[in-house]
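K.L.:
Pasting a predicted model and its sequence here:
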Amino acid sequence: MRYTLRVSIPGDWRDAWMYKEKLFLWSRSGRIHFCDLTSILETVRKASGPSTAALVEYLILRNDWKSSGSFRRLMELPDVRSAFLQEFREGGGELAVVLKELQTKVVPGSEPTGYMYDCQLYANRLFEATSEGFFISYLNPKYLDRYLSIDQVLDFETVAVKAKYSCVNVSAEGRGLWFSPLDFTGDYEDPFEAQIEQVADSSISCSFASRNLLNYTDAPVPGFLKAHEDRGFPHARAQYEDWKVTGYEQQIDISSLTMEAVAASKRVTYDDLPVEHIKKPVAQPTVIGNSNYRMLVEQADKLHVVNISAYPADSVAARRDSAFKVSSITEFDASQIISTHAIASGFVVELYDKVIAITHNGAFDIYQNPAARVRSFGESRRHQDVTAVIGEDDVSLIGFLDLGVEEDPQF
Amino acid sequence: MSDMEESLRTCERARVDTDGISYISCSETSYLSLNYHRSQTSTKHEKACWDVPREDECHCFCESEIHQWVDPKGNLWYVSDGGSVILGKDGERLAFFDEPENDGDPWHGFPVSGRRGGAKRLRPPQSVLDKWLSSSRISKVMYDRIMTGRI
């Protein structure tokens, strides 16, 4: 049984990000609005009561709690599960809350020029890929009055951005894939020191697969860039070491590796592939998208999940992920897929007329209208299974609980 | 096409040419429905192919012409009401009509997709999308999908 919770905030929005206890919303005019996540919780509590507020907290605002062992143990207790899920009874497993009363504030500061194709909040920086270039600005959720002037890093159209591991990657279609390490040791008022370099000839989007990078182009299978990585403190005040990506090896073609992995029931390595396969792939699969190291692969009208890895001293390797049952992820037409997004439990897939989630337990609807934009936060700790869907007149924050059983006798 | 659009439809077939069928548009402009945009067997090179009848292909042009969905280079663009109609055999929902190079030459057009990664990606400029949005031809959802290269 699956339970899907949707919290909608009416408005004329273009994009959304959940970051450090705040929800950031981009209006269609380009202004950035924000509200505290605690204010969302309070508004839900006032409007719908404490039971619904608890669901919002577990399934959307703190869904790291959802994946904890203690929560799973509690959900095994029939009485606890029944009480926790009582608000879903009337909707047959779906619950929608509309927050008409939620107040948002506007972040002061200038806006990048051009149409924003993509953005990301990471390390108190806002990265924006627009029709006029690539921009970085300081945006600390604790000090939103310090939103500073924007540094323009690239001055041509960029379409996608992916930042993590103290680095940023920018896709600029025919102008290539660009990479820059990020140095946070200076003052936030210092301008961004561009060390940006081109690492591939073309790129329509990119995505981390662990610390390595998948570069999507017009080819059916993305290129793979193995990371040069290091561990260290990301900034002077950091309490913990973290991984840093300092560069990439030359992009390699993993189409043969992916094809072999789909066909084989074991791990396949790039170095072990027959040479003629590398030179001339026979029948290529298509990688529709990836969720971290998991690639969603379509071949011969069937969907598979293939895990890709590249440990520092090892060759690039791939293995079909049998936990994702092929029969359960072929319930929809792969040609209808518009975009895919990463969540901790699997994938979020945007179809023409709805948005679905794919987990180990199969595919299910999470939003039943066309989406203007879909955001997920798979790399976040607290919102790892949350999807934000921008609709015609609102934004919906969507969380779910997938108990993995067909019938819940207590429901 | 909506009933209202059908009632105003005055475009008509003019003649059969060697490379297609000529029409006179609702605004009395010459339009040529090219054979090589109707069937892959009509060309050695891969071309986008219409998946609507020739008469509807012509009327897509008529609507673009009437509403002046024109880009800065003088080309015309088309999307059905809400983008609901699939115009091309590869699922294209947009159409592009090349401005003729010489006065008196007929217009012609073909279905296009703005989808990133597509081999022949062609997307209308933002000014045309703004016109479509402000006249409620397309929704905000469709606007963003086209702008971000997802349709």
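P.N.:
Sure thing, it's come through.
K.L.:
hey, let's count contacts and neighbours off CA atoms from now on
P.N.:
Will do.
K.L.:
burial measure for the residue of the stretch 251-400 of chain A found nearest chain B, as a count.
P.N.:
For the stretch 251-400 of chain A, the residue closest to chain B is A:Ala372, as judged by CA to the nearest CA, at 4.0 Å. A:Ala372 sits with 25 neighbouring residues when counted by other CA atoms under 10 Å in any protein chain shown.
K.L.:
Need the nearest residue in space to it, chain neighbours excluded.
P.N.:
In this structure, A:Ala372 finds its nearest non-sequential neighbour in B:Val141, 4.0 Å apart by CA to CA, 6 or more residues apart in numbering or on different chains.
K.L.:
Might one say that the one you found is in contact with A:Gly391?
P.N.:
Yes - using CA atoms under 8 Å, B:Val141 makes contact with A:Gly391 at a distance of 6.5 Å.
K.L.:
returning to what we had before: point me to the helix or strand that includes the residue nearest to A:Ala372.
P.N.:
Assignment of secondary structure by DSSP states H and E places B:Val141 within helix B:140-147.
K.L.:
what's that helix packed up against?
P.N.:
Contacts defined by 3 or more CA pairs under 8 Å, 6 or more residues apart in numbering or on different chains; DSSP states H and E place helix B:140-147 against strand A:373-376, helix B:126-134.
K.L.:
out of the ones you listed, deepest packed?
P.N.:
Of all the helices and strands packed on helix B:140-147, strand A:373-376 has the most neighbours on average by mean count of other CA atoms under 10 Å in any protein chain shown, namely a mean of 22.
K.L.:
Centre of the chain to it, how far?
P.N.:
8 Å (CA atoms, centre = their mean, to the nearest Å).
K.L.:
what does that strand rub up against?
P.N.:
A:14-17, A:341-343, A:348, A:350, A:384-391, B:141, B:144-145 (CA atoms under 8 Å, 6 or more residues apart in numbering or on different chains).
K.L.:
Which SSE is immediately downstream of that strand?
P.N.:
strand A:387-390.
K.L.:
okay, the residue of the stretch 251-400 of chain A closest to chain B: pLDDT?
P.N.:
We have a pLDDT of 97 for A:Ala372.
K.L.:
Spit out the contact partners of it.
P.N.:
A:Ala372 neighbours (CA under 8 Å, 6+ apart): A:14, A:389-392, B:140-145.
K.L.:
how about the helices of chain B, start to end?
P.N.:
For chain B, helices defined by DSSP state H occupy the ranges B:3-7, B:54-67, B:126-134, B:140-147.
K.L.:
quick one, which of the ones you listed is nearest to A:Val262?
P.N.:
helix B:140-147 (31.1 Å; CA to CA).
K.L.:
CA atoms only for that closest one - export them in PDB, please.
P.N.:
C-alpha atoms of helix B:140-147 as PDB (Å, rounded to 0.1, in the frame of the first residue of the first chain):
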ATOM      1  CA  LYS B 140       1.900  28.300 -18.300                       C
ATOM      2  CA  VAL B 141       2.800  24.600 -18.000                       C
ATOM      3  CA  MET B 142       3.100  24.300 -21.800                       C
ATOM      4  CA  TYR B 143       5.100  27.600 -22.000                       C
ATOM      5  CA  ASP B 144       7.700  26.300 -19.500                       C
ATOM      6  CA  ARG B 145       7.900  22.900 -21.100                       C
ATOM      7  CA  ILE B 146       8.700  24.400 -24.500                       C
ATOM      8  CA  MET B 147      11.100  27.000 -23.000                       C
END
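K.L.:
Show residues contacting it.
P.N.:
So helix B:140-147 is contacted by A:117, A:370-373, A:391-392, B:82-83, B:114-115, B:123, B:126, B:129, B:133, B:151 (CA under 8 Å, 6+ apart).
K.L.:
Model confidence at A:Arg64, what's the number?
P.N.:
No Arg there; residue A:64 is Asp. Looking at A:Asp64, the pLDDT reads 89.
K.L.:
which phi and psi does it have?
P.N.:
phi -70, psi -30 (degrees, to the nearest 10).
K.L.:
Pop out the phi and psi values for A:Ser82.
P.N.:
According to degrees, to the nearest 10, A:Ser82 has phi -60, psi -40.
K.L.:
So for B:Val141 and A:Gly391, which residues contact both of them?
P.N.:
Contacts common to B:Val141 and A:Gly391, judged by CA under 8 Å, 6+ apart, are A:370-373.
K.L.:
for the residues you listed, which one is nearest A:Tyr311?
P.N.:
Distances from A:Tyr311 to those, taken by CA to CA, are shortest for A:Arg373, at 33.6 Å.
K.L.:
So what sits opposite that closest one in the bridge?
P.N.:
Beta-bridge pairing for A:Arg373 (DSSP bridges): A:Ile390.
K.L.:
List, one by one, the residues from chain B near chain A.
P.N.:
B:116-119, B:139-145, B:147-148, B:150-151 (CA under 8 Å from any CA of the partner chain).
K.L.:
May I see the PyMOL selection of the buried members of these?
P.N.:
Restricted to buried positions by 16 or more other CA atoms under 10 Å in any protein chain shown, the PyMOL selection for the residues of chain B next to chain A reads:
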select buried, chain B and resi 116+117+139+140+141+142+143+144+145+147+148+150+151
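K.L.:
Low-confidence ranges, the chain, go.
P.N.:
Assuming you mean chain A. Filtered on pLDDT under 70, chain A yields the residue ranges A:110, A:147-149, A:187-192, A:194, A:275-283, A:326-332, A:404-411.
K.L.:
my bad, chain B
P.N.:
B:1-7, B:42-44, B:119.
K.L.:
which residue sits closest to the residue nearest the centre of it, ignoring its sequence neighbours?
P.N.:
When CA atoms, centre = their mean is applied to chain B, the residue found nearest the centroid is B:Ala95 (3.0 Å). Distances taken as CA to CA, 6+ apart place B:Pro111 nearest to B:Ala95, at 4.1 Å, with adjacent residues excluded.
K.L.:
outside of stretch A:299-312, which residues touch it?
P.N.:
A:209-210, A:212, A:226, A:258, A:261-262, A:284-286, A:293-298, A:316-322, A:324-326, A:329-330, A:334.
K.L.:
out of those, who's near chain B?
P.N.:
Okay, of the contacts of stretch A:299-312, nothing touches chain B (CA under 8 Å from any CA).
K.L.:
wait, what's in contact with the residue of the stretch 151-300 of chain A found nearest chain B?
P.N.:
Taking CA to the nearest CA, chain B has its nearest neighbour within the stretch 151-300 of chain A at A:Asp218, 3.9 Å off. By CA under 8 Å, 6+ apart, A:Asp218 lies in contact with A:204, B:116-119.
K.L.:
Helix, strand, or coil at it?
P.N.:
coil (DSSP: H, G, I helix; E, B strand; the rest coil).
K.L.:
Can you show me the strands along the stretch 201-350 of chain A?
P.N.:
With DSSP state E, counting those that start in this stretch as the criterion, the stretch 201-350 of chain A has strands at A:205-209, A:212-216, A:223-225, A:227-232, A:242-248, A:252-253, A:268-269, A:286-291, A:294-299, A:302-309, A:317-320, A:337-343, A:346-351.
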